[in-house]
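[1] Return atomic coordinates for the entry below.
(one chain, ligands or ions: 1)
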Amino acid sequence: MVDAPSFIEDAVEEIEAEVGDANAVIALSGGVDSSVAAALAYRAIGDRLTPVYVDTGLMRKGETDQIRETFSYMDSLRVVEAQDRFLDALSGITDPEEKRHAIGERFIREFEREAVSADADYLVQGTIYPDRIESEGNIKSHHNVGGLPEVVDFEGLVEPVRELYKDEVRDVARELGLEEIISERMPFPGPGLAIRVVGEVTREKVEIAREACHIVEEETAEHDPWQAFAAVVGKGTGVKGDNRVHGWIVSVRSVESRDGMTARAQELPWETLQRIQSRITGENENVARVVYDVTHKPPATIEYE
Ligand code: XMP
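    Predicted structure coming up:
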């Protein structure tokens, strides 16, 4: 395990030495890795670091407010309101890979503009050790900012947590005093709720997925899943009041895993599942049905697209 206090001291010194008097920029995602990288870099170079948080509209419930609060001590923090631009970019797209691509492209354009206006020479990234292994093995590009170093002509790339595993990053986050909601946060995919909405991404489906994910996170917390969320997977009939409705089908997923490479569907108590079902259908009149996904990975993936 990492010795968090001395790791922090060394990392701050290294960033100071690497960046010198120049400016740097980092994309905050709301997750623990980029939050820790940003906090370390800010300790090293202060407001010469511009942390950029792009609100894609595909984030978890309350995530943007949480970012504003957690990083309010950084005067240079920029929050980019890009929700409409992301929805426009996704309009009409149903293919999962095309969705990912459209989001990646849009993200790069948003971030590039901020990096140029911040006159940044360095890019700070929250890449952790397992990300590097997976990228080198070409298993999956794990970063929605993966193309950035090539797009903006940065002088250098700074990756302060590149040698750490996830649980070590969490230790450093606690030592840095980041709130529990960040240090203990479960993994969330770069493309966000877009891959928890099967087919075309619309405002309505995203809102349903966001609320349902929040409910699932709350209700499963005591069972400590590795990841738990909900996805909007299609439409089906239901009865609401006296009316037959054609409403959304929400699939609930809760998995146990060590690293996300394989996973087991969690055996949740029936009462928990029923509570989730009744909250999701009760809080949204357009949801007709809630199902529980019992598929392991493999053969399924954890996310839906
Ligand atoms: P899958 O769905 O491939 O997911 O079984 C494995 C783990 O990776 C996360 N995931 C992503 N993370 N960018 C990310 O940063 C992505 O494009 C992405 N796709 C999936 C997923 O949430 C799970 O933890």
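[2] What are the boundaries of the strands in this structure?
    Under the criterion DSSP state E, the chain contains strands at 24-28, 49-55, 78-81, 122-124, 156-158, 227-240, 243-256, 264-265, 287-292.
[3] what does the stretch 151-300 of the chain put close to the ligand?
    Pro187, Pro189, Gly190, Pro191, Gln227, Gly260, Lys297 (C-beta under 6 Å from any ligand atom). Just so you know, the C-beta spots here come from the backbone N, C-alpha and C atoms, and that holds for glycine as well.
[4] Counting neighbours, which of these comes out on top?
    Pro191 (24 neighbours; other C-beta atoms under 10 Å).
[5] Counting only helices, which of the residues of the stretch 151-300 of the chain next to the ligand make the cut?
    In helices, judged by DSSP state H, none of those are found.
[6] so can I have TSV of the residues you listed showing pLDDT and distance to Glu110?
    Converted to TSV, these look like this (pLDDT from 0 to 100; distance: C-beta to C-beta, whole Å):
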residue	pLDDT	distance to Glu110
Pro187	91	22
Pro189	93	18
Gly190	90	13
Pro191	94	14
Gln227	97	26
Gly260	88	26
Lys297	97	31
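[7] which sections of the protein are below the confidence cut-off?
    134-151 (pLDDT under 70).
[8] Could you spell out which stretches of it belong to which domain?
    With domains defined by automatic domain parsing, the chain comprises 4-183, 197-292.
[9] and the residue nearest to Val245 when sequence neighbours are not counted, how many neighbours?
    With sequence-adjacent residues excluded and distances taken as C-beta to C-beta, 6 or more residues apart in numbering, Val245 is closest to Gly238, at 5.3 Å. Per other C-beta under 10 Å, the neighbour tally for Gly238 reads 18.
[10] my read: Gly238 touches Arg289, true?
    Yes: counting by C-beta atoms under 8 Å, Gly238 does reach Arg289; the two are 5.7 Å apart.
[11] got any residues that touch both of these two?
    Common contact partners of Gly238 and Arg289 (C-beta atoms under 8 Å, 6 or more residues apart in numbering): Gly247, Thr281.
[12] thinking again about what came up before, could you dump the domains of the chain to a markdown table with distance to Ile302?
    Shown next, in a markdown table, are the domains of the chain (distance: least, C-beta to C-beta, whole Å):
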| stretch | distance to Ile302 |
| --- | --- |
| domain 4-183 | 12 |
| domain 197-292 | 5 |
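[13] Select, out of the ones you listed, the one closest to Glu303.
    The closest of the domains of the chain to Glu303 is domain 197-292. By C-beta to C-beta, the value is 7.8 Å.
[14] Tell me where the stretch 51-200 of the chain has helices.
    Assigned by DSSP state H, counting those that start in this stretch, the stretch 51-200 of the chain shows helices spanning 63-70, 83-90, 96-117, 129-136, 148-151, 166-176, 180-183.
[15] Next, the buried residues of the last one.
    Neighbour-count burial for helix 180-183, with 16 or more other C-beta atoms under 10 Å as criterion, is recorded at Ile182, Ser183.
[16] gap between it and the chain center?
    How far helix 180-183 lies from its chain's middle: 13 Å, per C-alpha atoms, centre = their mean, to the nearest Å.
[17] Report the contact partners of the residue nearest to Val245.
    Arg244, Val245, Gly247, Thr281, Ala288, Arg289.
[18] make it 10 Å
    The contact partners of Gly238, taken as C-beta atoms under 10 Å, 6 or more residues apart in numbering, are Arg244, Val245, His246, Gly247, Trp248, Ile249, Thr281, Glu285, Asn286, Val287, Ala288, Arg289.
[19] could you flag which of the residues you listed are buried?
    Val245, Gly247, Trp248, Ile249, Thr281, Asn286, Val287, Ala288, Arg289.
[20] Dump those residues to TSV, plus distance to Glu110.
    Putting the buried ones among the contacts of Gly238 into TSV (distance: C-beta to C-beta, whole Å) gives the following:
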residue	distance to Glu110
Val245	37
Gly247	34
Trp248	29
Ile249	32
Thr281	35
Asn286	30
Val287	31
Ala288	35
Arg289	36
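[21] Of all pairs in these, which one is the farthest apart?
    Greatest spatial distance in the buried ones among the contacts of Gly238: Val245 and Ile249, 11.9 Å, computed using C-beta to C-beta.
[22] Quickly list what's touching both of these two.
    Lys235, Gly236, Thr237, Gly238, Val287, Ala288.
[23] Surely the last one is in contact with Ile208?
    No: in this structure Ala288 lies outside contact range of Ile208 using C-beta atoms under 10 Å: 11.3 Å.
[24] which one of the contacts of Gly238 is nearest the ligand?
    Ile249 (19.2 Å; C-beta to the nearest ligand atom).
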